[in-house]
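Asks: Sequence and predicted structure below; questions after.
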Amino acid sequence: MGDVPKNPPFPLTEVDKWVLSQTDDEFYYHDWEDLKKIIGENNLSVLKRKPSDLRRYMAWTFDTKARYGSMINYLLHHRLPSTWGSPPFTPASPVPFEDKSDYRVLINDWPYGLSPGITHIVVWSRTIIDTDPDTGDMTPESRKIVTDFVKRFFADKLGPEGDDRVLWFKNWVALQSVRSLEHIHVMVKDVSKSILEEWTQELDVHRLR
């Protein structure tokens with residue numbers, strides 16, 4: 001069992017604090033049915049990382065902020081397209097995920113604690129994804145836009161059973177550890193390395209010429 005740090009690099013949820021009191025052997029991994037239930041109920045606060053991973057993520061975040069000044073600066077330097085520049089961004093399209101230059105698909109460097117066969121993807125967007133200012137959750141219109149994108153980009157690629165092998169969510173504003181950069185989370189089940197590489201490849205529209 002471990003202690004909860006007094007000065008964490010980002011706000012810890014009650015679930016985070018509970019996870020930090022556990023050992024890896026005590027941790028329950030999220031399986032596919034568990035994820036379907038959590039995401040279907042929009043109960044996103046219960047998603048959790050393995051205790052040792054959460055501690056490493058906290059240490060990495062602390063060091064990264066010390067080196068780059070912020071998580072945003074790190075992501076802009078090392079993970080996001082050079083064509084985006086610095087916030088506030090000027091997207092090619094006002095509609096999220098409509099233009100390929102406005103989003104970047106990456107494997108999550110710090111995934112939740114997931115059962116084998118499940119891959120955690122993050123899709124970063126330089127176009128604003130509208131949320132309800134009162135709840136911090138997505139508006140019905142933006143939810144439909146994201147749903148349509150996830151289906152055509154991810155699920156359709158996996159054939160007739162694709163819809164059953166893809167889940168997605170966008171954290172409420174209060175749950176985001178990187179709040180100033182728009183992103184959604186996508187979970188996929190039993191996807192080959194070649195397809196994952198195809199989804200996450202850097203495109204010409206992401207590079208400065």
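Replies: Received the coordinates, thanks.
Asks: For the protein, which residues score under the pLDDT cut-off?
Replies: Counting by pLDDT under 70, the chain has low-confidence residues at 1-2, 173-179, 209.
Asks: Try it again at 80.
Replies: Counting by pLDDT under 80, the ranges of the chain that qualify are 1-4, 172-180, 209.
Asks: for it, what spans make up the strands?
Replies: Read by DSSP state E, the chain holds these strands, from start to end of the chain: 103-107, 118-125, 166-169, 182-189.
Asks: would JSON lines of these with mean neighbour count and distance to K65 be doable?
Replies: For glycine as for every other residue, the C-beta is placed from the backbone atoms N, C-alpha and C. Compiled in JSON lines, those are given as follows (neighbours: other Cβ atoms under 10 Å; distance: least, Cβ to Cβ, whole Å):
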{"stretch": "strand 103-107", "mean neighbour count": "19", "distance to K65": "20"}
{"stretch": "strand 118-125", "mean neighbour count": "20", "distance to K65": "19"}
{"stretch": "strand 166-169", "mean neighbour count": "20", "distance to K65": "25"}
{"stretch": "strand 182-189", "mean neighbour count": "21", "distance to K65": "18"}
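Asks: Just send these back as a markdown table, with distance to T90 too.
Replies: What follows is the strands of the chain, written out as a markdown table (distance: least, Cβ to Cβ, whole Å):
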| stretch | distance to T90 |
| --- | --- |
| strand 103-107 | 14 |
| strand 118-125 | 13 |
| strand 166-169 | 26 |
| strand 182-189 | 14 |
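Asks: So for T131, which of those strands sits nearest?
Replies: Ranking the strands of the chain by proximity to T131 (Cβ to Cβ) places strand 182-189 first, at 9.6 Å.
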